[in-house]
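Sequence and predicted structure, then a few things I'm wondering about:
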Number of protein chains: 2
Amino acid sequence: MPAFVPSVFLGRAPTTSSLFCPAVTSLRVVPRGVPSQRVTPAMMAAPTVLEERAKAADFSTACFTKEEITLAGTTEYIVRGGRDVFPALPKAFTGVKKVGVIGWGSQGPAQAQNLRDSFQDAGVDATVTIGLREGSSSMKEAEKAGFTKESGTLGEMYKVISDSDFVVLLISDAATAMCYKDVFKAMKPGATLGLSHGFLLGHMDSIGESFPEDINVILVAPKGMGPSVRRLYVQGKTENGAGINCSFAVENDATGTATDLAIGWAIAIGAPFCFQTTLRNEYRSDIFGERCILLGAIHGICESLWRRFVMQGMDQEEAFIRSTESITGPLSQIISKRGIKAVYEDMNDADKAVFAKSYCAAYEPAYEIVIECYEDVACGNEIRSVINSGMRAKRFPVISPIDGTQMWKVGETVRSKRSSSPPPPVDPFAAGVYCATMMAQIDVLLEKGHVLSEIINESVIESVDSLSPYLHARGVAYMVFNCSFTAATGSKKWAPRFDYNLTQRAYTAIDNEDSLNTGLMDEFLNHKIHPAIAECAKLRPSVDIALTGSGADDAARSNL
Amino acid sequence: MPAFVPSVFLGRAPTTSSLFCPAVTSLRVVPRGVPSQRVTPAMMAAPTVLEERAKAADFSTACFTKEEITLAGTTEYIVRGGRDVFPALPKAFTGVKKVGVIGWGSQGPAQAQNLRDSFQDAGVDATVTIGLREGSSSMKEAEKAGFTKESGTLGEMYKVISDSDFVVLLISDAATAMCYKDVFKAMKPGATLGLSHGFLLGHMDSIGESFPEDINVILVAPKGMGPSVRRLYVQGKTENGAGINCSFAVENDATGTATDLAIGWAIAIGAPFCFQTTLRNEYRSDIFGERCILLGAIHGICESLWRRFVMQGMDQEEAFIRSTESITGPLSQIISKRGIKAVYEDMNDADKAVFAKSYCAAYEPAYEIVIECYEDVACGNEIRSVINSGMRAKRFPVISPIDGTQMWKVGETVRSKRSSSPPPPVDPFAAGVYCATMMAQIDVLLEKGHVLSEIINESVIESVDSLSPYLHARGVAYMVFNCSFTAATGSKKWAPRFDYNLTQRAYTAIDNEDSLNTGLMDEFLNHKIHPAIAECAKLRPSVDIALTGSGADDAARSNL
C-alpha cells in the first residue's frame, strides 16, 4: 500500500481513473494472462503481435531440415545449425556472389568474420566486403581483421551496397533510420537486404512507409552482442554447435529464395538453433528485452541491492558479491543449465523463505516497469527516442561513465580477488528480486501474445548465456556499451526506473512487513514457462562462452 | 571523461556517430545557444516553437490594460491581475451565463471555487456548475464545497457541457484524450472550451486532428498545482495580488471575444500576472518543466544528494537537511526574492568554491537529461506515454509509495523537529547541483526558442513559489501527487534519470578530481536570465504561500 495517500485526495484523484469517460472503460481493463495488444494511434496501422504470428506460423525450406518443437502446448518450427549443416550452405547462398556487410559496430565485425570463415569452410563461392563511410575511423579496425581496399573487400558503403547481391546492414539503428532511403536506392533489384534488427521497420511503421517490393528483406537477429557472436563461433569451430541462437524472418520474398538465405545466414554466423519470427515481433520483443532483464533491469537491480545491503551495514565487497556476483555467477549458471525454478528448488528452507518474500515483494513493482516499457516500445516511443538520441550523439555520446561510482569500483576489486576467493553463494534475497523481474518480463510477453521461443530467448537464454557473462567478467559498462546504440540508450534509460520502483515499493514493503501476495509464489512454481525452458535447453549451445575475468585483456577483445 | 572507454571500442563504436550517413550530418549539429527546433516525423506537421511565437507576439484586449515588459531585450505584453481589476470582469464574461467546470482533480476544486467567489465579488452574472461522471466518488467532495444537484450546480458531465456557455475542462489529460470528441459534440456552437493545459492539442497534433471551428478554444494555465491556486486566492482576498501567475492563449476565436474571456478567466482565478503563449508552446514547456526542475529533477537531485552525504558518513538527519531542507527552504526563498545569482553571491569564499565545483560538475549531466526530456516531449512521446499510463491506471495507479524509503522517513522526523531547530543553512554543494539543473532547463528552453516569460515561470517562479513549498512542508509524495496525472507520471519517470546521471557523472567527476569546465561559472554569472528574472520578480505575488509544516492537518487541506 502507498505510504502516502491522504484520504481527502483519494476521493478526487484523477489518478484513480474515476474521471475516465464511461464510453472507453472497456479499453482500460486488460485481464491478466489474456494476450492483448492495446492499440495506440501511432501504431494503429501496424499489424498486431498475433497477426504477425499468424503470418509466421510456419515456413518451407529447400535446403535445411525443419524440426517441430512443442513449447507449453504450442507447436513451433525450428532449424538446428552447427558445422555438420555447413554442406547445405552453398545451396542456400545460390545466386549470392557478393555479400556486403555495412558497418563495423557491435555486430559488424562478428558477422563479417563469421561469414567469411564459414564461406571458406563450407565452400560457398562468395566474398564478404565491408562497406563504411569514406574516412571512417573504423576502416583501420576492419583492416586489422583482414578486410582491405587492395583485395576489394573494404570500400565506401554505397559503392559496396550497389555491388552486392546480399547487403547485411549493420550500422546503428539511428543511422539506419536516417539513410535507409539511400540504401534502398543503391541496391540492385532482386538483391537481398539483411537486417539484424526490426528497428527500421518500426521506424517506417511510425511514419507509414514500407520496403521496396523488388528486393528481398530478411532478418537474422542473434540473441547476443556481437563479441559473443564471434567468440562462440570461434569456440564452435572445435565444438560443433557452439554459437549464438538467432531468430530469423522473411519480410519480403521477391525471389522465392529468401527463407533459405535467411536460415543459411543464421547458420553461417554460428546459430546452433534458428527460430522464426517477423520483423515487427522481433523489434517489439528485442528493443523491450534489452531495456528490461537483459541490460536495463539487471543493472538497476544490482544497484538497488548493493545500496540496500550497504545501508543495512554489510561490508561493501560482500554487498557486491551478494548483489551482483551472486546473480551473474551461480544464479545465471543454474538458470542456464537447469531453468529458473531450479534456483528456488536448490535452496534450503531458510533461503526459500527469504527468496519467496523478495520474489513476492518485487514481482509487481518489476511488472509495472516492464509493461510500461513494452507499451512504450510498441507505440513507437522508444524508437523515436533512440532517433532523437542519435541526433544528439555528437553532443551527448551514449558512452558515458556508468561504472565510476563506488559500487562498481568495489566490483573491480571483487573481480580482481576472484581467483583466490571461494565461488560466491546464491543470495536468496537477490535471487528473488532477479527471478521476479525475469518472470514479470516473461508474463508481459505472454500477455502481449509473443511465441514462447521468442520469449525464452529474449528473457532467459540471451540473458544468462550471452549478456550476464560480460557483466560478470568485466562489469556493467562493458556489457552495456558493447551492445547496440539502441540497446545502450535504452539500458541507461530504464535501469534507474527499475532501481527506484524496487527500492520504493518492494524493499519498503519488506521492511514494513506489509502482507505480500504469496499467491505469486504458487504462480511461479506452476508456471508453464518452466517445461518450455527445459525443452529449449535441449537446444542450448554445447559449450559456455569462455571469457577471462580479469578485465585486463582488452587488447585480446578485438579478436572476439 | 568516461571511466570506461576501451580503446579498441572507440574506433568502432556506433555510438560516436561515425556511422551516420554524411548526407544528414548537418541535421545533427545543433550549435549551443541558437534557437532550434529539431523536427521528428511525428511532429512534422505541427508549427515550431518560433512559428507559434510569431502567432502570439501580441494581443488586443477591450477590457483590460496591456502592459509592455522587456525581458533580456525582448518585448512581451502582459496583463496585471488583482482584485482591483475585478470591476472589468463582468464585461470580459459578456455572454457567459453558465460556466461548467468539468472534473474534480487538482485544478477543478480550486478553479471552480475561485470562479464562484470572484463572480460574486465582481458582480458577474454567471453560475458555476461542476460536471462529473455519473456515480463519481468526487460528487461527495464537490458537495462539501457547496456544489449540489439541488441547486443545479452539480451534474452529469455531458449534460453540464451541453448547458454551458463556457466549458472549463479539467479532467485528467489521459481522460481528455479519450473523450474529447464527445465533449466537442456536446458543446453548443459559439460556446467556449477552456483548457488549463495544451496536452489535448499535443495529442491531436500527433494524430493529425484539429479543434472544431465553431467554438472558441482558450487556455489559462496556472503556474502551480490546484491547491496553490486555491490557497493563494484565499490569501489574496485580503492581500491584493496574491495568487498564481497564469499563461493564457487563444487557439480559436470564433466569437471575437476569446482573448478577453481568457484574460478574465485568469484574473478571476487569482492570477496576479498573465502572460501570453500558445497551446503548443504551453504543452511543450509545461510537460517538460514538470518532468525537470519543478518535480522530477528536484526529486532526483534530493535523493542523489542525500545518498551521497550519507555514504560519506554524514548523520542521516543532517544529510536530509543539507540535501532537501536546504533546497526547499532557504535556497528557494533566496531565488524567489532575489534570483538565482543571489544564491552564489550570498556565500563566503569557501562556500563559493564548493558551489562552483558542484555547479560545473552537474551542469552538463543535468543538461543531457533535460534536453532528452524536452525532445521526448516535443516529438509527442511523453504524451503517448501518459495516455498509455492512463490506460494502465486501474492496474498500476500513478499514486504509489515514493516516500516510504529511509530518506523520506528521516525527512518526516526533520520536519517534526523544525520548530525547535535553527533554520537550515544553504548547503553550497546542494545549491550548486540544484542551480546547475535549473540553469540547464533555462538554457534548453532558450535553445528551443521559448519566450522568457514562459521560461522564467516554468523554470523558476513555479518551482520556488508554488511547488517546492509543498515539498518543504509535506514531503515529496504530497508535492508530486497533488499535481496532474500527467505531471505525476512524468515526475516518477524522470526523477531517477537525474539521480543516476548526476551520481554517475557529476559526483564521480568531483571525487576523481577531474578537471571541470569552469567556464560554466562565467556563463552562469553573466547569464541574461538574471536581469529578466529581476524584471519578473516585480510582478511577483505580494505574499508567500502560507502552509503549515506539520503534515498533520490533512483535513484542512480540503479547504485549500
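Arrived safely. Treat the numbers as computed from the prediction; the structure is a model and nothing was measured.

Show me how the record splits chain A into domains.
A:49-274, A:289-546 (the TED database).

from the chain's centre, how far out does the shortest one sit?
Translated: domain A:49-274. Here domain A:49-274 shows a centroid-to-chain-centroid distance of 17 Å under the convention CA atoms, centre = their mean, to the nearest Å.

What of stretch A:430-438?
Worked out by CA atoms, centre = their mean, stretch A:430-438 lies 18 Å from the chain centre.

Would you mind listing the outside residues contacting that stretch?
Defining contact as CB atoms under 8 Å, 6 or more residues apart in numbering or on different chains, one finds that stretch A:430-438 is touched by A:292-293, A:297-298, A:301, A:304-305, A:322-323, A:326-327, A:331, A:335, A:340, A:343-344, A:354-363, A:366, A:370, A:459-460, A:463, A:498, A:502, A:506, A:520, A:524. Glycine gets a C-beta too; all of them are placed from N, C-alpha and C.

Residue A:334 is in contact with residue A:346, correct?
Yes. Shown here, residue A:346 and residue A:334 form a contact pair, counting by CB atoms under 8 Å, at 6.6 Å.

Across the sheet, point out what pairs with residue A:79.
residue A:66, residue A:274 (DSSP bridges).

Let's see the pLDDT reported for it.
Note for residue A:79: predicted pLDDT of 95.

And it, how far from chain B?
Distance of residue A:79 to chain B, computed by CB to the nearest CB, to the nearest Å: 29 Å.

pretty sure that residue is touching residue A:61, no?
Yes. Residue A:79 lies in contact with residue A:61 (CB under 8 Å); the separation is 6.8 Å.

where do the contact lists of those two overlap?
Residues touching both residue A:79 and residue A:61 by CB under 8 Å, 6+ apart: residue A:263.

follow-up on the earlier one: who has more neighbours, residue A:346 and residue A:334?
Ranked by neighbour count (other CB atoms under 10 Å in any protein chain shown), residue A:346 and residue A:334 place residue A:334 first, with 20 against 14.

hang on, the more buried one in a helix?
Yes. Assessed with DSSP: H, G, I helix; E, B strand; the rest coil, residue A:334 lies in a helix.

how close does residue A:445 get to chain B?
Plainly put, residue A:445 is 16 Å away from chain B if you go by CB to the nearest CB.

residues in contact with the residue nearest to that residue when sequence neighbours are not counted?
Of all residues not flanking residue A:445 in the chain, residue A:455 sits nearest, at 4.4 Å (CB to CB, 6 or more residues apart in numbering or on different chains). Counting by CB under 8 Å, 6+ apart, residue A:455 touches A:285, A:442, A:445, A:446, A:529.

Under a three-state scheme, what state does residue A:455 occupy?
helix.

While we're on it, how confident is the model there?
95.

mind checking how far it is from chain B?
Taken as CB to the nearest CB, the span from residue A:455 to chain B is 20 Å.

Of residue A:79 and residue A:61, which one has the most company?
With neighbours defined as other CB under 10 Å, residue A:79 and residue A:61 compare such that residue A:79 has more, 27 against 16.

Run through chain A and note the low-pLDDT ranges.
Across chain A, the ranges flagged by pLDDT under 70 are A:1-45, A:541-560.

As a check, name the ranges of all strands in it.
For chain A, applying DSSP state E gives strands covering A:66-71, A:74-80, A:98-102, A:127-132, A:154-156, A:166-169, A:192-195, A:216-222, A:246-252, A:273-276.

tell me what the second one is packed against?
Right, the one you point to is strand A:74-80. If you count contacts as 3 or more CB pairs under 8 Å, 6 or more residues apart in numbering or on different chains; DSSP states H and E, strand A:74-80 packs onto strand A:66-71, helix A:258-268, strand A:273-276, helix A:452-456.

and with 10 Å instead?
Strand A:74-80 sits against strand A:66-71, helix A:258-268, strand A:273-276, helix A:452-456, helix A:529-537, with contacts defined as 3 or more CB pairs under 10 Å, 6 or more residues apart in numbering or on different chains; DSSP states H and E.

Can you show me the CA trace of the third one as PDB?
The one in question is strand A:273-276. Output of strand A:273-276 as PDB, limited to C-alpha atoms (Å, rounded to 0.1, in the frame of the first residue of the first chain):
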ATOM      1  CA  PHE A 273      19.300 -23.100 -33.300                       C
ATOM      2  CA  CYS A 274      17.200 -20.800 -35.500                       C
ATOM      3  CA  PHE A 275      13.600 -19.900 -34.800                       C
ATOM      4  CA  GLN A 276      11.100 -18.000 -36.800                       C
END
